[in-house]
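# Below is the sequence, then the predicted model.
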Amino acid sequence: MSTIAKDTHHDHEHKPTGLKRWFFSTNHKDIGTLYLIFALTMFFVGGAMAMIIRAELFQPGLQFVDPQFYNSMVTIHALVMIFGAVMPAGVGLANWMIPLMIGAPDMALPRMNNMSFWILPFAFALLLSTIFMQGGGPAGGWTMYPPLVLQTGDAFPFLIFAVHFLGVSSIMGAINIIATVFNMRAPGMSLMQMPLFVWTWVITSFLLIASLPVLAGAVTMLLTDKYFGTSFFSAAGGGDPVLFQHIFWFFGHPEVYILALPAFGIVSSIIPTFSRKPLFGYASMVYATASIAILSFFVWAHHMFTVGLPIKGELFFMYATMLIAVPTGVKVFNWMATMWKGSMTFETPMLFAVAFVILFTIGGFSGLMLGITPVDFQYHDTYFVVAHFHYVLLTGAVFALMAAVYYWLPKWTGHMYDERLGKIHFWLSAISANVLFFPQHFLGLAGMPRRIPDYNIQFADFNMISSIGGFAYGLTQLLFIYIVIKCALGGKKAKSVSWEGARGLEWTVPSPAPFHTFETPPKIRKEMLENG
Amino acid sequence: MKLIYQKLLSLLLLLPFSAIAEWGLNMTQGVTPISKEIYDMHMLTLWVVTIIGVLVFGVMFWSIFHHRKSKGAKAAKFSHSTTVEIIWTIVPTIIIISLAVPATGLLIRMDDTSEAKITIKATGIQWKWKYDYLDEDITLYSSLDAKSQEVAQRDSGQNPMEHENYLLDVDEPLVVPVNTKLRILTTAEDVIHAWWVPELGWKRDAIPGFINDNWAIIEEPGTYRGNCTEICGKGHGYMPIVVKAVSMEEYEAWVDDRKALKLAALESQNKTLTMDESMAEGEKVYKKQCLMCHQANGEGVPGAFPALAGSEIALKKENTLEHLYRIIYGKNLMPKFGDQLTDLEIAAVTTYERNAWGNNTGDLIQPKEVAEARKNQTK
């Protein structure tokens, strides 16, 4: 690396070139870009699987795939979207923006940063290769419940090791974010002056560090159950299949917030900018985020109300789950109050952010309904649940990520994206996503279980509508790629403050952000800060 | 493709008229006291969130329309208000408590399985249900009906729209009396399944090594349909549940019938079958029990389910006993059928497998041989 630096020492940016720039990168912006491109790729891989699922469900009867393959699509779609698309996209944004937002020259641990990214392509190569194996890919659902998951063929160890790798990658990313935020803030920036996006990522990082080792433990026990004769989860050997579910969801529920909290952070940056008004209730936003994170460790069994928990357990988990509605409500009210009496404009990032607030709240409403144990006995494992988590993950997390990309693209590329196309992308996405997922509430209430490849004719109409929405949503995302590439290649020059109402340190550097920023820490003036 | 066009057309034409009435939009009220309470609780929550939604989104849209830069709105400067923040923490808390209180009472009532008149154990097996009437010593196996199985095959050429209870029908429904407290235990033999009939108001996981108990009092006679709701492998979508609720007298008559059938099955093990009888009976059994994995042509699914056509075990004379053992006791993914099938059925299906699809061994297995093979519990 040093020779390259010498060769190019005339170049102000000291930027390595070619393959080396990307493979050996320790630059937070390049690694952020890698994460984002990887996430977008996986979004399309997982999306292609969703298209297969919706094509098969377009009408009753089996038309395209066998049930076993269908199950593996359902399983891998979830793993790819969660671990391959939403999480890496969030980490990519964190990499790009956290140093810029806190006035740091880079992440605290740049080499580890490189490694935590480059593990991902290998992990997904392991996971996706299973589709072509004898016996097919993992097909027991992404939750990997034993004993069913132990019936997986050759794909089984690949699945387990892929999950291990993904965990290692995420934990390293989380350590890096915590180290960066606690050590590298520009002098004079206190914790309670950080943008909310940074706060949500710090809290998310603690969730990652606390929950992913638990998942690693659970899947390791699966591995020894299958190959080394242990019986952690086998009733016949004195074990307990429900134990796995407890361990899994102890990871799994915080994981839900790992996907959602960065989205809260993004929206909390965007809404004030386009309302031209400071974020309402900054401190209560921080406390609400922290309480959601803490509560997330005490609600895991609401995923398992039907396993036959003792009634005291069911009551406890019902109360704890309903309690989460309070801090989540506080957030929604704060966003609403931020918009109130603002001077709003609706560029694409704002459109996605407002849609996020509304549609995530709808997902929150169905979440509250699901949290009420006696009624959950009807909703559980039906399409009502599928609708619920797609509202919070797709029209929630993914919409926020889209908002973030539009919001910061000018900073990344130095160009404004095509606003007209951006708006078309938004409206097509928002409409098709609702056509896709809203009817699934009805399907679930009418009695259609999830994860079935074929169904009774009473469910035919809504499934067809849902599939049409699905295809429309999938096609619309091709437009997103076109907009991003077009913006990267050219377009109207972006100013350093790309949006009229934007505040925060990231807007004090030029657009595109130079390869190295804040080599000397900025002098913080209150009015520069998002939450000054 | 023609089907797709027809559907699309009917969607466009009929949407405003018949659709709303016919399409299931909401949860069923069900036919038990508990299911009705659950429906009420569901509607209460639905109304609460709908009202909150209308208020919150209403305020938000009002703001979106009026506080626009294009309408000359100037941004205010305020960024917090302790009073407002306390209000919107406390009010949701109160709403949530007011939902939690009735939910708690309902959950406690659901949990009370005492004083049940009839106890039935539902065991999930890949991919069928086994019902044990614990007080009557009756066992029955309930699998997907033959018609659905046929239509469900990929490219079966048949239109599922013509089969009203497609994937929701079984060969042997669970028969229970109305207005009687039923205790339904759920468990499983292989992987986790879940037993759900929406009209009864609950679903419960069926977990190997665990027994969960639940109850229901069905108030209206009728046939109620549901599915397995926990992914349990490739047949997950193909193990429906059908409950037939009848009057006490009809139920008692049915119990007597089942007991008589059981006696007849015991006698049939002394019967000697001809080749034709065996092949006919064997094909029936094969279609019902074996076809989903080993396929109609006996070729199986490479990598997952072995072929029977041309297989060592079905062709070689010295493997005859092993063939019977596989069917009676199972092996790996192959489930055991010893409990479910009678000696006559096992004999017939073995004969069928040894003579169908060009296997043509000429072997004819008799029920006596099956009875003999059953005695060898050690395999």
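Sure thing, it's come through. Being a predicted model, the structure only gives us computed values, none of them experimental.

# in which helix or strand would I find the closest residue to residue A:281 other than its chain neighbours?
Nearest residue to residue A:281, sequence neighbours excluded (C-beta to C-beta, 6 or more residues apart in numbering or on different chains): residue A:334, at 4.4 Å. In this view, the C-beta of every residue, glycine as well, is placed from N, C-alpha and C. Using DSSP states H and E, residue A:334 sits within helix A:325-339.

# close to chain B, is stretch A:149-160?
Yes - counting by C-beta under 8 Å from any C-beta of the partner chain, chain B is contacted by stretch A:149-160 at A:151, A:153.

# Tell me the buried residues in that stretch?
Using 16 or more other C-beta atoms under 10 Å in any protein chain shown as the burial criterion, the residues of stretch A:149-160 that qualify are A:149, A:150, A:151, A:152, A:155, A:156, A:158, A:159, A:160.

# for these, which one is nearest residue A:403?
The shortest gap between residue A:403 and any of the buried residues of stretch A:149-160 belongs to residue A:159, at 32.7 Å (C-beta to C-beta).

# Could you report the distance from residue A:493 to residue A:377?
For residue A:493, the distance to residue A:377 (C-beta to C-beta, to the nearest Å) stands at 59 Å.

# Oh, that last question was meant for residue A:312, not what I typed.
Distance, residue A:312 to residue A:377, by C-beta to C-beta: 17 Å.

# So for those two, which residue has more residues nearby?
Just comparing residue A:312 and residue A:377: by other C-beta atoms under 10 Å in any protein chain shown the higher neighbour count belongs to residue A:377, 22 against 8.

# Next one: that one from residue B:33, what distance?
Per C-beta to C-beta, residue A:377 is found 14 Å from residue B:33.

# now do residue A:523
The spacing between residue A:523 and residue B:33, counted by C-beta to C-beta, is 71 Å.

# Same drill for those two, tell me which one is more crowded.
residue B:33 (14 against 10).

# Identify each buried residue in stretch B:314-332, please.
So for stretch B:314-332, counting by 16+ other C-beta under 10 Å, buried means B:314, B:315, B:319, B:320, B:323, B:324, B:325, B:326, B:327, B:328, B:329, B:330.

# Please read the previous query as pertaining to stretch B:156-170.
Buried residues in stretch B:156-170, counted by 16+ other C-beta under 10 Å: B:159, B:160, B:161, B:163, B:165, B:166, B:167, B:168, B:169, B:170.

# now it, how far from the chain's geometric center?
Distance, stretch centre to chain centre, for stretch B:156-170: 15 Å (C-alpha atoms, centre = their mean, to the nearest Å).

# Now do it, average pLDDT.
Here stretch B:156-170 scores 88 as its mean pLDDT.

# swap in stretch A:365-380?
pLDDT averaged over stretch A:365-380 gives 96.

# With just CA atoms, put that stretch into CSV.
The C-alpha trace of stretch A:365-380 is given here as CSV (Å, rounded to 0.1, in the frame of the first residue of the first chain):
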residue,chain,number,x,y,z
PHE,A,365,-51.0,-1.8,14.7
SER,A,366,-51.1,-5.4,13.4
GLY,A,367,-48.1,-6.0,15.8
LEU,A,368,-50.2,-4.9,18.7
MET,A,369,-53.0,-7.1,17.6
LEU,A,370,-50.6,-10.1,17.3
GLY,A,371,-49.3,-9.3,20.8
ILE,A,372,-52.6,-10.0,22.4
THR,A,373,-52.1,-13.7,23.2
PRO,A,374,-55.6,-15.1,23.1
VAL,A,375,-56.3,-13.6,19.7
ASP,A,376,-52.8,-14.5,18.5
PHE,A,377,-54.0,-18.1,18.6
GLN,A,378,-56.0,-17.3,15.5
TYR,A,379,-53.4,-15.0,13.8
HIS,A,380,-50.3,-17.1,14.5
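
# So is it next to chain B?
Yes - Stretch A:365-380 is in contact with chain B by C-beta under 8 Å from any C-beta, via A:365, A:366, A:368, A:369, A:372, A:373, A:374, A:375, A:377, A:378, A:380.

# contacting residues around the residue nearest to residue A:281?
Contacts for residue A:334 (C-beta atoms under 8 Å, 6 or more residues apart in numbering or on different chains) come out as A:279, A:280, A:281, A:284, A:285, A:288.

# Can you name the residues of the stretch 351-500 of chain A sitting close to chain B?
Applying C-beta under 8 Å from any C-beta, we find that the stretch 351-500 of chain A lies next to chain B at A:354, A:357-358, A:361-362, A:365-366, A:368-369, A:372-375, A:377-378, A:380-382, A:442, A:445-447, A:449-462, A:464-465.

# and if we set it to 6 Å?
Proximity of the stretch 351-500 of chain A to chain B, by C-beta under 6 Å from any C-beta of the partner chain, involves residues A:365, A:369, A:372-375, A:377-378, A:381, A:442, A:445-447, A:449, A:451-454, A:456-457, A:461.

# Quick check, central residue of chain A?
Centrality entry for chain A: nearest residue to the mean C-alpha point is residue A:86, 2.9 Å, by C-alpha atoms, centre = their mean.

# mind checking pLDDT for that residue?
Residue A:86 is given a pLDDT of 96.

# now swap in residue A:316 and tell me
Confidence score, pLDDT, at residue A:316: 96.

# ok now do it, which residues does it touch?
If you count contacts by C-beta atoms under 6 Å, 6 or more residues apart in numbering or on different chains, residue A:316 has none.

# Would you mark the buried spots in whichever strand or helix holds it?
In the assignment (DSSP H and E), residue A:316 maps to helix A:311-323. Under the neighbour-count criterion of 16+ other C-beta under 10 Å, helix A:311-323 has A:314, A:315, A:317, A:318, A:319, A:320, A:321, A:322, A:323 buried.

# Skipping its backbone neighbours, what lies nearest the residue in the stretch 151-300 of chain A that chain B sits nearest to in space?
Sorted by distance to chain B under C-beta to the nearest C-beta, the residues of the stretch 151-300 of chain A start with residue A:235, at 2.2 Å. In this structure, residue A:235 finds its nearest non-sequential neighbour in residue B:209, 2.2 Å apart by C-beta to C-beta, 6+ apart.
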